[in-house]
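**Student:** have a look at this prediction, sequence included:
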There are 2 protein chains.
Amino acid sequence: MELEALSVGQYSFVQNGYSFGFAVMAAATLFFWLMKSEIAPAYRLAITITGLVTAVAAYHYLQIMLSWGAAVDITAGEVVSTGKPFNQAYRYVDWLLTVPLLLIELILVMRLSRKETIKKSTVLGGAAALMIVLGYPGEVSSVGGLRFVFWVLSMIPFVYIVYQLVVGLKESISQQPESVKGLINIAVYLVIGSWLFYPIVYLFPLVGLEGGAAITAVEIGYTVADIVAKAVFGVFIFVIAMRKSQDETQGAPTVHHAANVEADDEKETSTLS
Amino acid sequence: MELEALSVGQYSFVQNGYSFGFAVMAAATLFFWLMKSEIAPAYRLAITITGLVTAVAAYHYLQIMLSWGAAVDITAGEVVSTGKPFNQAYRYVDWLLTVPLLLIELILVMRLSRKETIKKSTVLGGAAALMIVLGYPGEVSSVGGLRFVFWVLSMIPFVYIVYQLVVGLKESISQQPESVKGLINIAVYLVIGSWLFYPIVYLFPLVGLEGGAAITAVEIGYTVADIVAKAVFGVFIFVIAMRKSQDETQGAPTVHHAANVEADDEKETSTLS
């Protein structure tokens, strides 16, 4: 990446974006973990993992911010490279861990049967990890053809995950309590919507978008997409868990629960464990 | 180790591997400790130690990452040694503490009698410490013959531990509740499987594997093996502890427990404490 193409204003704007990303992720983590005890035990695993996703992301925003700072010096109003490479790969390291986990937090908050939880977590989490692993070689390659090949390979698990979220989860979502059905649908579309940004940006260098404005757009765009997919998505997971906790402890069971009181007692302790 | 043999891509890949290792270990630690309160008291010692193993590993991944960073400069797209040695021995310092502990966490989650817990922990933990201590002189020696001699010496406790895990624990595992028997077997084979990597890699320098690709393969391989043996293994220990907690608190005792209700009450407070 040619950081010298950046103006000082663009360079600082991206830097401020990373700092904002770190602050949002760290604040979200503290929020989820501090509120965990207010949630019913059945949803604490989901909330713990929700905070784990933002915690890992906070760490990587700190790392990427430090790498961005070390890669250039600002001398006489110009951005000058120090020779140290800007390590954009921290994003991939982050995604490899957080993307499978954020799909798992969605599965967990739905509180399916133990068998279904394990099956869906394995399939979605595995596909997500594969998607990230296939993206990396193209990202670090300077050969345009390779970048495109790995984009195509990475899009296969991407499309599969979107299909599973939209079609595969449809029946499970329909069995959720009325009070959270809408929220779960929003959470699903939040993931899909924010994810659409990544494969588009990946192709930027192939179509010649490489100057200072393009770098700024990509980095700010990634940061916004990450905040939506992890922190905002996490808040929806939290609200879903909170509502389900209240419904269940207030003895105001929904139609779904009333019809399955016994089965539900067992489910209390299901999820992954 | 000749770090100048590395390309910038290989150097960064190993760096990203360390960062990933740190993130995984730190996230796993937070996960185990945050979820500890959701586990029955009898298994909290096991879960505390599970988090301790990943916490110690996280610290050493941070140290090794800093050492890797300080050992070279990247100048004009080349990896140039700064003269400061890369301290690979952090791995041994880590293993000396974590390898005995991770065997102990397996013993603890099985909740054997107090006597057996102490005996097996001492024997397995002691053998593990001996294995690491015997490996170290060969690792830091530049004499091929010495490296081989200490490899052989270190393999004696290694083989003994594998034997104890596969044969010595067989009877104890057969008495575990049905709901976790399969998981304990997977955990045992996860340890053995990931450990096989270490003695093989140890011999690399003896057979002349020393260039940039070999260094990259060794460092990434160690990192993956550590993640499997500590974080992934730890997740299995956690799920075992969670399932056993639920089985026991729900008054749905397995055959094993039903037959030992009184003995079981005593065992509630057994384990090491």
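**Tutor:** That came through, no problem. These numbers come from a predicted model, not from an experiment.

**Student:** three-state assignment of whichever residue of the stretch 51-200 of chain A sits closest to chain B?
**Tutor:** Of all residues in the stretch 51-200 of chain A, the one sitting closest to chain B is residue A:93 (4.6 Å; C-beta to the nearest C-beta). For every residue, glycine as well, the C-beta is placed using N, CA and C. Following DSSP: H, G, I helix; E, B strand; the rest coil, we place residue A:93 in the helix state.

**Student:** what does the stretch 51-200 of chain A have sitting close to chain B?
**Tutor:** Along the stretch 51-200 of chain A, the residues adjacent to chain B under the rule C-beta under 8 Å from any C-beta of the partner chain are A:51-52, A:55-56, A:59-60, A:63, A:83-85, A:87, A:89-90, A:92-94, A:96-97, A:140.

**Student:** isn't residue A:86 right up against residue A:66?
**Tutor:** No: using C-beta atoms under 8 Å, residue A:86 makes no contact with residue A:66, being 10.5 Å away.

**Student:** who's more crowded, these two?
**Tutor:** residue A:86 (19 against 13; other C-beta atoms under 10 Å in any protein chain shown).

**Student:** for the more buried one, which non-adjacent residue is closest in space?
**Tutor:** Using C-beta to C-beta, 6 or more residues apart in numbering or on different chains and skipping residues adjacent in sequence, the residue nearest residue A:86 is residue A:71, 4.0 Å away.

**Student:** surely the one you found is in contact with residue A:80?
**Tutor:** No: Residue A:71 is not in contact with residue A:80 according to C-beta under 8 Å; the separation is 10.2 Å.

**Student:** these two: which is more packed in?
**Tutor:** Taking other C-beta under 10 Å, residue A:71 and residue A:80 do not tie; residue A:71 has more neighbours (18 against 12).

**Student:** how close does that one get to residue A:4?
**Tutor:** 10 Å (C-beta to C-beta, to the nearest Å).

**Student:** okay, and the common contacts of the two?
**Tutor:** Taking C-beta atoms under 8 Å, 6 or more residues apart in numbering or on different chains as the contact rule, residue A:71 and residue A:4 both touch residue A:81.

**Student:** and the pLDDT at the residue lying farthest from the centre of chain A?
**Tutor:** For chain A, the largest distance from the centre (C-alpha atoms, centre = their mean) belongs to residue A:76, which lies 38.7 Å off. On pLDDT, residue A:76 comes in at 86.

**Student:** dihedrals phi and psi, it?
**Tutor:** The phi and psi values for residue A:76, taken as degrees, to the nearest 10, are phi 50, psi 40.

**Student:** tell me where chain A has helices.
**Tutor:** A:8-35, A:44-71, A:90-110, A:114-140, A:144-163, A:170-174, A:178-195, A:197-202, A:212-226, A:233-249, A:255-258, A:261-267 (DSSP state H).

**Student:** closest to residue B:9 out of these?
**Tutor:** helix A:114-140 (6.5 Å; C-beta to C-beta).

**Student:** so for the closest one, mean pLDDT?
**Tutor:** So the average pLDDT for helix A:114-140 ends up being 92.

**Student:** buried ones in that helix?
**Tutor:** A:114, A:117-118, A:120-121, A:123-125, A:127-136, A:138-140 (16 or more other C-beta atoms under 10 Å in any protein chain shown).

**Student:** also stretch A:196-212?
**Tutor:** Those would be A:197, A:198, A:201, A:202, A:205, A:212, for stretch A:196-212 by 16+ other C-beta under 10 Å.

**Student:** now these in JSON lines, with distance to residue A:37?
**Tutor:** Converted to JSON lines, the buried residues of stretch A:196-212 look like this (distance: C-beta to C-beta, whole Å):
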{"residue": "A:197", "distance to residue A:37": "35"}
{"residue": "A:198", "distance to residue A:37": "35"}
{"residue": "A:201", "distance to residue A:37": "39"}
{"residue": "A:202", "distance to residue A:37": "40"}
{"residue": "A:205", "distance to residue A:37": "47"}
{"residue": "A:212", "distance to residue A:37": "47"}
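
**Student:** closest one to residue B:38 out of those residues, please.
**Tutor:** Nearest to residue B:38 among the buried residues of stretch A:196-212, with distances taken as C-beta to C-beta, is residue A:198, at 34.0 Å.

**Student:** how about residue A:20: what's its closest non-neighbour residue?
**Tutor:** Here the residue nearest residue A:20, using C-beta to C-beta, 6+ apart, is residue A:223, at 7.2 Å.

**Student:** so that neighbour sits against residue A:19, correct?
**Tutor:** No: the pair residue A:223 / residue A:19 is not scored as a contact, 9.9 Å apart, by C-beta under 8 Å.

**Student:** more crowded one of these two?
**Tutor:** Using other C-beta under 10 Å as the criterion, residue A:223 and residue A:19 rank with residue A:223 on top: 22 against 15.

**Student:** for the more buried one, give me its contacts.
**Tutor:** A:17, A:18, A:20, A:21, A:61.

**Student:** one more time with 10 Å, if that's ok
**Tutor:** A:14, A:16, A:17, A:18, A:19, A:20, A:21, A:22, A:24, A:61, A:64, A:91 (C-beta atoms under 10 Å, 6 or more residues apart in numbering or on different chains).

**Student:** repeat for residue A:205
**Tutor:** A:1, A:138, A:139, A:142, A:144, A:147, A:214, A:218.

**Student:** and it, how far from residue B:78?
**Tutor:** In terms of C-beta to C-beta, residue A:205 sits 24 Å off from residue B:78.

**Student:** for residue A:46, same thing?
**Tutor:** On the measure of C-beta to C-beta, residue A:46 and residue B:78 end up 48 Å apart.

**Student:** for these two, indicate the residue with more neighbours.
**Tutor:** Shown here are residue A:46 and residue B:78; by other C-beta under 10 Å, residue A:46 has more neighbours (27 against 14).

**Student:** hmm, that one is touching residue A:110, no?
**Tutor:** Yes: using C-beta atoms under 10 Å, residue A:46 is in contact with residue A:110, at 8.7 Å.

**Student:** now for the closest residue to residue A:211 other than its chain neighbours: which residues touch it?
**Tutor:** Closest residue in space to residue A:211, ignoring its immediate chain neighbours: residue A:5 at 5.1 Å, by C-beta to C-beta, 6+ apart. The neighbours of residue A:5, taking C-beta under 10 Å, 6+ apart as the test, are A:79, A:210, A:211, A:212, A:213, A:214, A:215, A:216.
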